[in-house]
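Engineer: Here is a sequence together with a model predicted from it:
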Amino acid sequence: MTPRRTAGARAGCGLLAAALVGLGLLAGPAPTRAQPAVAAGDAAAAVPGFWDPRRRPERPDLSRVSRIRFLTEFDYPPFNYAGPDGQPAGFNVDLARLICEELKLQCTIQMRRFDTLLPALRENRAEAVIASLSVTPETRQQFDFSDPYYRMPARFVARRGDTIPDPVPEALEGRKVAVVAGSAHEAYLKAFFTEAVAHPYPRREAAQDALRRGEVDLLFGDGVGLAFWLNGTDSANCCVFVGGPFMESRYFGEGVGIAVRRGNDTLRLAFNWALFRLWEKGRFTDLWLRHFPISPF
């Protein structure tokens, strides 16, 4: 089994989604747009929150837990990477450290190649993996996961100054929309935005260039990757998010969680409690805004 990570190439997932749509197995009544639970300032600073304040998890007994060994990847910025001093850095790494502070436990964080993370967890070389792992039916068969601490939203992007209506299905009739060919985003667009004109491109960079040059009216794709494009020099400040976010789990996954070995309920529940507390205290929000100046939500 090869685990999937977020915000990267998900062509295999996209092709599967497209096939299921073709068979009528992923059709739905309407596109699902998520509302961020926390908004800081304006839309650019929207912060996701996936915790229900009415469902307060209990702190489990950690008296038998002396430390937590985390594993993460070393080359997936800004989520996890080696800093200038060679030490682990990134959003996932900072979140792991906050969790350990909240649980008042000693922790270590080791970087490994992505494809070795879950085998190492299975072999008891660590207690947890925090590396933007997508929670899927396949990974659930072999590992347990904490509650999601972020999801992979899909977003529309338009050029600055263009008069684009709120991207709902009935408003995009005849609009040219760039998507990555074979992706879950193409499948979603064709399933729900049936009056839009999909323009598939082989890579995300080609779709972005088409929007920047004005060859299409909109781009629909992975919100995380698009957020970094919008905030970087390659976009030349051409474009902005419009509408959304869209987070249909049948297309874009269940979200990202912390992996533990099967049956380790103590640690899984401890992570759930710590994540809730960090969100409740605003520390998750602070961390998110530090790493995502343009939020994908």
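Structural biologist: Nice, thanks for sending it over. Residues are numbered from 1 along each chain as shown.
Engineer: so what's residue 219 scoring on pLDDT?
Structural biologist: Residue 219 carries a pLDDT score of 98 in this model.
Engineer: Count the neighbours of it for me.
Structural biologist: By the measure other C-beta atoms under 10 Å, the count of residues near residue 219 is 28. Glycine gets a C-beta too; all of them are placed from N, C-alpha and C.
Engineer: is it in a bridge, and if so with what?
Structural biologist: Taking DSSP bridges as the rule, residue 219 bridges to residue 157, residue 178.
Engineer: where does it sit relative to residue 151, distance-wise?
Structural biologist: Residue 219 sits at a distance of 20 Å from residue 151 (criterion: C-beta to C-beta, to the nearest Å).
Engineer: Check residue 234 too.
Structural biologist: Using C-beta to C-beta, residue 234 is found at 25 Å from residue 151.
Engineer: and the next element down the chain from the longest helix anywhere in the chain?
Structural biologist: The helix that spans the most residues within the chain, counting by DSSP state H, is helix 265-281. Note on helix 265-281: by DSSP states H and E, the next helix or strand toward the C-terminus is helix 283-291.
Engineer: on that earlier part again, can you check what angle separates the longest helix of the chain from helix 283-291?
Structural biologist: Angle, helix 265-281 to helix 283-291, by axes from the mean of the first three to the mean of the last three C-alpha atoms, to 10 degrees: 70 degrees.
Engineer: Can you give me the end-to-end span of stretch 137-147?
Structural biologist: Chord length of stretch 137-147, first to last residue, is 15 Å (C-alpha to C-alpha, to the nearest Å).
Engineer: again, but for stretch 74-86
Structural biologist: Using C-alpha to C-alpha, the end-to-end distance of stretch 74-86 comes out at 9 Å.
Engineer: What of stretch 250-269?
Structural biologist: 25 Å.
Engineer: buried stuff in it?
Structural biologist: 250-261, 264, 267-269 (16 or more other C-beta atoms under 10 Å).
Engineer: Specify the beta-bridge partners of residue 82.
Structural biologist: residue 88.
Engineer: I'd like to check which residues are in contact with it.
Structural biologist: 74, 75, 88, 89, 111 (C-beta atoms under 8 Å, 6 or more residues apart in numbering).
Engineer: Now do the third one against residue 73, distance only.
Structural biologist: Residue 88 sits 9 Å away from residue 73, going by C-beta to C-beta.
Engineer: related to what we said a few turns ago, the more surrounded of residue 234 and residue 151?
Structural biologist: residue 151 (23 against 13).
Engineer: Find the nearest non-adjacent residue to the more buried one, please.
Structural biologist: residue 255 (4.0 Å; C-beta to C-beta, 6 or more residues apart in numbering).
Engineer: circling back: can you list residues touching both of residue 88 and residue 73?
Structural biologist: With C-beta under 8 Å, 6+ apart, residue 88 and residue 73 have common neighbours 80, 81, 111.
Engineer: tell me which of the residues you listed is nearest to residue 188?
Structural biologist: For the shared contacts of residue 88 and residue 73, the residue nearest residue 188 by C-beta to C-beta is residue 80; the value is 27.6 Å.
Engineer: Having no further points to raise, I will conclude here.
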